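A.B. asks: Just a sequence and a predicted model for now, questions to come.
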Amino acid sequence: DARVTQTPRDKVTEMGQEVTMRCQPILGHNTVFWYRQTMMQGLELLAYFRNRAPLDDSGMPKDRFSAEMPDATLATLKIQPSEPRDSAVYFCASGLAAASGLSYNEQFFGPGTRLTVL
Amino acid sequence: AQSVAQPEDQVNVAEGNPLTVKCTYSVSGNPYLFWYVQYPNRGLQFLLKYITGDNLVKGSYGFEAEFNKSQTSFHLKKPSALVSDSALYFCAVRDGGATNKLIFGTGTLLAVQP
């Protein structure tokens, strides 16, 4: 049963510390998405990769957030330095897009990382 | 720009009764619509999608959705609700252009009472 995995599941840290969240997309998927979910803002898209290349990170605060895909099996989201307002659940999702980039396929979500910044 | 609206923050229904969770959309071009469900402390799970064809789409767990072009709606339905259906439901639309980004609604909390 192929699933998106995320680590850690829970993270509590202090303001100013670096946080790294990791995601393993489903094998064979070529698109990866990072979302942030909060009560106030709902579900926000932070970054989007296709074939490991970043296509859209317009939803991500550039000064402190960074997203990378070192290889096809790993996506990372880093926050440095972290702030209390970053407290949220961060989801990774993967999907399969055609070579043209168009896709009507669903995204598969991981279980999320619950981040608490004190 | 593509968008979806979920007008109800919460829907309450008694177990065994039919349920409807509403979604309306605004798109330029053809709409590609999705429903996801989120159980507590879990990620979103895909339920169903409309790409083209039959206006009534059947999905997982007995859910179905009706695409209505004239009303620009894509309401989620189930003939008989279960307590275990209680969860947060999201409608989404595929963003335009050469991308498979999804634009999500704000979510509707479904509460099914025994």
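C.D. replies: Alright, I've got the coordinates. Numbering: from 1, shown residues only, chains lettered A, B, ... in the order given.
A.B. asks: Tell me the helix or strand right after the lowest-mean-pLDDT helix or strand in chain B.
C.D. replies: When each helix and strand of chain B is scored by mean pLDDT, DSSP states H and E, strand B:102-104 comes last, with a mean of 90. Moving toward the C-terminus from strand B:102-104, the first helix or strand encountered (DSSP states H and E) is strand B:108-113.
A.B. asks: Give me the contact list for the least confident helix or strand of chain B.
C.D. replies: Strand B:102-104 has contacts (CB atoms under 8 Å, 6 or more residues apart in numbering or on different chains) with A:42-43, A:45, A:107, B:2-4, B:34, B:36, B:90-95. Heads up, the C-betas are built off the backbone N, CA and C, glycines and all.
A.B. asks: Can you select the buried ones from those residues in ChimeraX?
C.D. replies: Selection of the buried residues among the contacts of strand B:102-104 in ChimeraX, burial being defined by 16 or more other CB atoms under 10 Å in any protein chain shown:
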select /A:43,45,107 /B:2,4,34,36,90,91,92,93,94,95
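A.B. asks: when you check the contacts of strand B:102-104 against the strands, which ones overlap?
C.D. replies: Counted as lying in strands by DSSP state E, out of the contacts of strand B:102-104, are A:42, A:43, A:45, B:3, B:4, B:34, B:36, B:90, B:91, B:92, B:93, B:94.
A.B. asks: Tell me the pLDDT of the first one.
C.D. replies: According to the model's per-residue confidence, residue A:42 sits at a pLDDT of 88.
A.B. asks: for residue B:98, same thing?
C.D. replies: pLDDT at residue B:98 comes out at 59.
A.B. asks: How about the one 3 residues further on?
C.D. replies: At residue B:101 the predicted local confidence, pLDDT, stands at 82.
A.B. asks: Now the element after the lowest-mean-pLDDT helix or strand in chain A, going C-ward?
C.D. replies: Every helix and strand of chain A was ranked by mean pLDDT, DSSP H and E. The lowest is strand A:53-56, at a mean of 89. Next along the chain after strand A:53-56, taking DSSP H and E as the criterion, comes strand A:65-71.
A.B. asks: who in chain B is up against chain A?
C.D. replies: Residues of chain B found near chain A (CB under 8 Å from any CB of the partner chain) are B:32, B:34, B:36, B:42-46, B:49, B:51, B:90, B:94, B:98-102, B:104, B:106-107.
A.B. asks: switch to 10 Å and redo it
C.D. replies: Proximity of chain B to chain A, by CB under 10 Å from any CB of the partner chain, involves residues B:32, B:34-36, B:38, B:41-52, B:88, B:90, B:92, B:94-95, B:97-107.
A.B. asks: filter the residues you listed to the buried ones?
C.D. replies: With neighbours counted by 16+ other CB under 10 Å, those contain buried members at B:32, B:34-36, B:38, B:43-50, B:88, B:90, B:92, B:94-95, B:99-107.
A.B. asks: hang on, the earlier thing: for the least confident helix or strand of chain B, which strands pair with it and how are they oriented?
C.D. replies: Applying DSSP bridges to the sheet, strand B:102-104 is found paired with strand B:87-94 (antiparallel).
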